[in-house]
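# Please work out how this folds:
(chains A and B)
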Amino acid sequence: MPLLRSPGGQRPDRPPRPCGSGGTHSPEPKAGTPKDTGGRTKASVSRRAARRGPRRFTRRDVAVLSVLLGIPVLLDVAIVWGPTLASVALSFTSWDGIGDISWVGTKNYETLFTSYPQFWPAARHNLLWLAFLGLVATPFGLLLAVLIDKGVRFSRFYQSTLYMPVVLSLAVVGFIAQLVFSRDQGALNAILGDTESPTDWLGDPDLNLWMILLAAAWRHTGYVMILYLAGLKAVDSSLKEAAAIDGASETQTFFRVVFPTLRPVNVIVGVITVIEALRAFDIVYAVNKGRNGLELLSVLVTDNIIGEASRIGFGSAIAVVLLLVSMGFVVTYLVQEIRGEKNR
Amino acid sequence: MAQSSFNGSAAPGSVAGHRMSRRNLLRGAAAGAGAIALPSLLAACGGGPGGDGKTITMGSNSSDPVPKKAFADAFAAYAKQSKDGRKVKVNTVDHNTFQENINRYLQGKPDDVFMWFAGYRMQFFAKKGLLHDISDNWESYQGFSPALKAQSTGEDGKQYLTPYYYYPWAVFHRKSVFQQHGYQAPKTLDEYIALARQMQKDKLVPIAFCDKDGWPAMGTFDYINMRSNGYEFHKNLMAGKEAWTDKRVKEVFDTWRSILPYCQPGANGRTWQEAATSLQKKQAGMAVFGLPHPGAQFPKDEQADIDFFPFPVINPEHGQDAVEAPIDGFLLAKKSKNLKNAKTMESAKDLLKWLATGKAEDIYLASDPNNIAVSDEADLSKYTPLQKKAVELVSGAKQISQFLDRDTRPDFSSTVMIPAIQTFINKPKDVDGLVNSIERQKKTIFAAED
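Below you'll find the model as predicted:
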């Protein structure tokens, strides 16, 4: 939590706090009672540390530390970094999953950029997802959160209704989208009653992406709303009162006072939006296997690697592109947010 | 590991009680994690069932209830007739999952016998050395046509597959609709288009059309190609030996474009089930399908109303020689541990010999009448009229093709042809751009082979 920063004055004359002995939960300055397990006050911790003398970690502490840190690090390396580096390496090879792996240099990337017709549409769609979720669905979620936080009538009802889609997996959302948008048997065309030349919501490659974005936004909005709602509840109402006394309008209060205090939530929502947009997969896969206007990078990776196709090298190249795009967005965003946090 | 390092350090008394409890919790969690991970590790290490030489394991992709039961019946009958007490142990995997995992399956710990497809898709694995040669079995097989043998043969001239059943593709329609309007089954493409025009006048969608699943429209492509250019060209094109930029391929797309106005629009958004339903509801007049497809969407009392005619003639030189009839059958997995045991191998080959008999196929088809037996010796007397007609169609065929996605490399069909055909359906006018793009991708994919 960004709130916690220990007062700097005590630092020079105090030995580093022993981590294993309860000091990891650095107590918040305000949180008063030392009753809960982590809540021993700073004074008692430093006194204990001083009494122990130069030996900061017992053998047990070291054991605990190495296990508690070592296992996650090992898992992280084995499950996250290993495969990541492996797929980067595989992206320079040609391999069908059975025979020998042969080194082909950057040929996979050349093929990808020049003669794989699905690649550029997929990359474009991923960015469109990002723009749509970031510029439409997320602000809309914020708006709903503000309205509900204000206490409109039946706000509890709206809150739970809007949150409902979040508990559905995107694959289920995709299934629902098919029930609604199917050309011949869908609910929407039945309501519109156009039987002569019904609109093909999911089959028309110029239209279906927007329908899917709508369905994905339906779920994303609820998610964002709940996060902001939690953030808004935590905003100190005295801030708003102070702003009101100073004569700020409601809009000004929101944008100048309330929104900046939501910074931690903004970071989370931002990262979630980027991740949701770039890893989007299940909904389009449920609708039409991510073809015909619904291509996404994640789908291309799956199509090439999983399944009988087994173009593992080529699929890895697409995965690397996706990795770079996601890293680009997430890293830039986080760096900016953290820098902004420091400047505050 | 985690557990032992915790247990090694006895808790000293000086530690405060509440901290202890937290550690206990952690310890419990670590132990719990170990307890969860351990059995799966053990399971991963342990071997499969030891081959007793009489139990044959069978990897089945028949996860749908009808074929699953039909296979169970057939294997039960095998166990019953076996004098040596041989029996089959079936491992059923969801159809699509089985297909998607086939590479890893065959390289890992496959079952002794598994179900798979004939043609290029079998030859691919034979070439990779993942299948057992069963040419010796083929010497004793009776009642298989030369076309069937060709489809069971690898590129090295040896046989790897024991065919079991197949289902032909054709143009399906409802008898009652044809009677009501006095339609005649067309022989040639011109008659086909004339009939489609007439249907339009009669307020029918002439041809139900779908390609949301990616494969149904391949049937139409194959037929136009084989009717225009013959089976040999189809085979070579699929094997990557002919250029997609060839004039003959462009002609196929041009012919297809001339039919498209009579097809249901929006095919890329329609599943084959929906298309078959429109045929059943008499909204559409005809549809290119495989034998099991319309049957699956027609209620029981309307099954007898299903009829078909072979895809019309385009080039008289090739007539209606070729029939698209995907064959399913049984193969022996080379990496199967049990098959290293000569006794199990003998049992597995015995099973294949039995499955190759007409009688074995009869037992299967009794429960699943949506296919037809490959063997001449199968009992046709219990067939429905539709099945009988299907037998006539295939037995009259000079060549049997498998299907676009079974006659070519799986990576080519799934990552190139599915999107290409969907693009054609969306933009039928840009054939040149399309075939150029296919050819470029084909070169990359088929180059990876060598």
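# residue contacts, the residue lying closest to B:Leu130 once chain neighbours are set aside?
Once flanking residues are discounted, B:Leu130 sits nearest to B:Leu106: 4.4 Å by Cβ to Cβ, 6 or more residues apart in numbering or on different chains. In this view, the C-beta of every residue, glycine as well, is placed from N, C-alpha and C. B:Leu106 sits next to A:Ile98, B:Phe114, B:Phe125, B:Leu130, B:Ala333, B:Lys334, B:Lys335 when contact means Cβ atoms under 8 Å, 6 or more residues apart in numbering or on different chains.
# now do B:Glu100
For B:Glu100, the contact set (Cβ under 8 Å, 6+ apart) comprises A:Ile306, A:Gly307, A:Glu308.
# same thing but 6 Å
Each residue near B:Glu100 by Cβ atoms under 6 Å, 6 or more residues apart in numbering or on different chains is listed here: A:Ile306, A:Gly307.
# The residue nearest to B:Leu130 and A:Gly97, how far apart?
Using Cβ to Cβ, to the nearest Å, B:Leu106 is found at 10 Å from A:Gly97.
# swap in B:Lys201?
B:Lys201 is 53 Å from A:Gly97, by Cβ to Cβ.
# of those two, who's got more company?
Between B:Lys201 and A:Gly97, counting by other Cβ atoms under 10 Å in any protein chain shown, A:Gly97 is the more crowded of the two (17 against 9).
# what kind of secondary structure is that one in?
Assigned state for A:Gly97: coil (three-state reduction, DSSP: H, G, I helix; E, B strand; the rest coil).
# if we look at the one helix or strand B:Lys443 maps to, which residues are touching it?
B:Lys443 belongs to helix B:431-449 when assigned by DSSP states H and E. Residues from elsewhere that reach helix B:431-449, judged by Cβ under 6 Å, 6+ apart: A:94, A:111, A:115, A:117, B:240, B:243-245, B:249-250, B:253, B:411-412, B:416, B:420, B:424.
# ok, and the closest non-adjacent residue to residue 230?
Using chain A here. Closest to A:Ala230 by Cβ to Cβ, 6+ apart is A:Val265, at 7.3 Å.
# my question was about chain B
B:His318 (4.4 Å).
# How about the secondary structure of the one you found?
When classified by three-state DSSP, B:His318 comes out as coil.
# May I have the phi/psi pair for it?
phi -100, psi -10 (degrees, to the nearest 10).
# Checking my notes, the residue nearest to B:Leu130 in a strand, right?
No - going by three-state DSSP, the assignment for B:Leu106 is helix, not a strand.
# Which single residue of chain B ends up nearest chain A?
As assessed by Cβ to the nearest Cβ, chain A sits closest to B:Gly269 within chain B, at 1.8 Å.
# Once you drop chain neighbours, what's closest to the residue nearest the centre of chain A?
Closest residue to the average C-alpha location of chain A: A:Ile272 at 2.2 Å, with Cα atoms, centre = their mean. Excluding its sequence neighbours, the residue lying closest to A:Ile272 (Cβ to Cβ, 6+ apart) is A:Tyr223, at 7.2 Å.
# Secondary structure element for that neighbour, which one?
With DSSP H and E as the test, A:Tyr223 turns up in helix A:208-233.
# quick one: buried residues of that helix?
Residues A:208-209, A:211-229, A:231-232 are the ones in helix A:208-233 that count as buried (16 or more other Cβ atoms under 10 Å in any protein chain shown).
# where does residue 267 land on pLDDT?
This is for chain A. Here, the pLDDT recorded for A:Val267 equals 85.
# oops, chain B please
Looking at B:Ala267, its pLDDT is 89.
# and what of B:Leu38?
For B:Leu38, the model assigns a pLDDT of 44.
# Also the one 4 residues further on?
Among the per-residue scores, B:Leu42 shows a pLDDT of 42.
# now the residue of the stretch 51-200 of chain A found nearest chain B, what's its secondary structure?
Nearest residue of the stretch 51-200 of chain A to chain B: A:Asp200, at 3.6 Å (Cβ to the nearest Cβ). Following three-state DSSP, A:Asp200 is assigned to coil.
# Low-confidence regions, the chain specifically.
No chain specified, so I'll use chain A. Where chain A drops to pLDDT under 70, the residues are A:1-55, A:341, A:343-344.
# wait, chain B
Ranges of chain B meeting pLDDT under 70: B:1-51, B:448-450.
# show me where it has strands.
B:55-60, B:87-92, B:113-117, B:162-166, B:169-174, B:205-208, B:284-290, B:306-309, B:322-324, B:327-332, B:372-373, B:399-401 (DSSP state E).
# What helices and strands are in contact with the first one?
To tie it back to what came earlier, the one meant is strand B:55-60. The criterion is 3 or more Cβ pairs under 6 Å, 6 or more residues apart in numbering or on different chains; DSSP states H and E, and the helices and strands that strand B:55-60 contacts are strand B:87-92, strand B:113-117, helix B:342-355.
# returning to that earlier point: you'd agree the residue nearest to A:Ala230 is in a strand?
No - according to three-state DSSP, the state of A:Val265 is helix, so it is not within a strand.
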